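> sharing a model prediction with you, sequence too.
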Amino acid sequence: LFARAILLQEIQGKISTETSLSLVQTLIDADRLQEAQAKLDVVLHREPYSAIGHSLQGDLYLRMHQMEAAMTSYQQAFEIDPTQVSVYIAMTNEMRRQGGRQDHILELLERAIKANPDEAMLALAFGDQAERRGEADAAVDAYQSALDMFERFVSPGTGNQGANDLSRAYAYARLAGVSEDKRLLDPAMNYYRASVAAVGDQPWPRVLLGEALRRPADTKGAIEANEEASVIASQHLDRDMRRADLACAWGGL
């Protein structure tokens, strides 16, 4: 369908860059890497300053295990358009994998935040960086800022609500961890419970709460939290098993 749309656009004399990049992404997802590279070469020849194009080139290089080339492509994409949060995330993940310097990652993060001051995910990343450097107060401020952004920019019932709730749960969990480090146990427990409330269908916040309750020797509370986590995890497993059974019944692998 993408290929047909591109053909129709070209017949009508329209630019097909966005559709072509969607086709490249689909080919990468399907692991048809040579075809994806051929299509991407055409796009980058026509539009050498396409940030998305260079980001997809980085994704392609990663699939082909060409790590240095992937980093170069991500850096090109970031230089062209530092508002592409996904590019920052891909680049910093690769830098960490290669053992890159934390000060270099922080420099990239600060540039990304300057270009995206209202991006909650970058605020979360800044909190993580501050926590790694032992700057607890800065980490708390960053996590609180991220929570404010999540609540401000995503309305309940929208398509992004699930991802938003997961991100909020993570921010609450990080705030809980920092609060524990600062010996602020009551706020820490409140944050752990807020993380549980944010994503009631996920087991991991309950596991964190259970571990936290063990530390002040609230054995009963810890057992209850971990039992609830086990029930939810079992439900997830049952759901996936049913999907697998259906796929087998339909002839899927």
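Cool, got the structure.
> pLDDT score assigned to residue 243?
If you check residue 243, the pLDDT there is 50.
> got it, and the one 4 residues further on?
At residue 247 the predicted local distance difference test score is 49.
> where does pLDDT dip in the stretch 1-150 of the chain?
Counting by pLDDT under 70, the stretch 1-150 of the chain shows low-confidence ranges at 6, 13-15, 83, 85, 94-96, 98-105.
> before we move on, which element is the residue nearest to residue 120 when sequence neighbours are not counted in?
On the basis of Cβ to Cβ, 6 or more residues apart in numbering, the spatially nearest residue to residue 120 that is not a chain neighbour turns out to be residue 149, at 3.7 Å. Heads up, the C-betas are built off the backbone N, CA and C, glycines and all. Here residue 149 sits within helix 136-153, counting by DSSP states H and E.
> which helices and strands sit right next to the next helix or strand after that helix?
Scanning forward in sequence from helix 136-153 by DSSP H and E, the next helix or strand is helix 161-181. Contact partners of helix 161-181 among helices and strands, from 3 or more Cβ pairs under 8 Å, 6 or more residues apart in numbering; DSSP states H and E: helix 120-132, helix 136-153, helix 185-198, helix 204-214.
> possible to save these as TSV with distance to residue 45 and mean neighbour count?
What follows is these, written out as TSV (distance: least, Cβ to Cβ, whole Å; neighbours: other Cβ atoms under 10 Å):
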stretch	distance to residue 45	mean neighbour count
helix 120-132	32	21
helix 136-153	37	18
helix 185-198	46	18
helix 204-214	45	21
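> dump these into CSV; add distance to residue 39 as well.
Conversion of the helices and strands packed on helix 161-181 to CSV gives the following (distance: least, Cβ to Cβ, whole Å):
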stretch, distance to residue 39
helix 120-132, 29
helix 136-153, 34
helix 185-198, 40
helix 204-214, 39
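> where does the stretch 151-253 of the chain dip in pLDDT?
With pLDDT under 70 as the threshold, the stretch 151-253 of the chain has low-confidence stretches at 153-160, 215-253.
> now stretch 46-56: buried residues?
Within stretch 46-56, the residues that qualify as buried by neighbour count (16 or more other Cβ atoms under 10 Å) are 50-56.
> between its first and last residues, how far does it reach?
Between the opening and closing residues of stretch 46-56 lies a distance of 15 Å (Cα to Cα, to the nearest Å).
> with stretch 22-42 instead?
Between the opening and closing residues of stretch 22-42 lies a distance of 13 Å (Cα to Cα).
> which outside residues touch that stretch?
Applying Cβ atoms under 8 Å, 6 or more residues apart in numbering, the set of residues contacting stretch 22-42 from outside is 2-3, 6, 20-21, 43, 53, 56-57, 59-60, 63-64.
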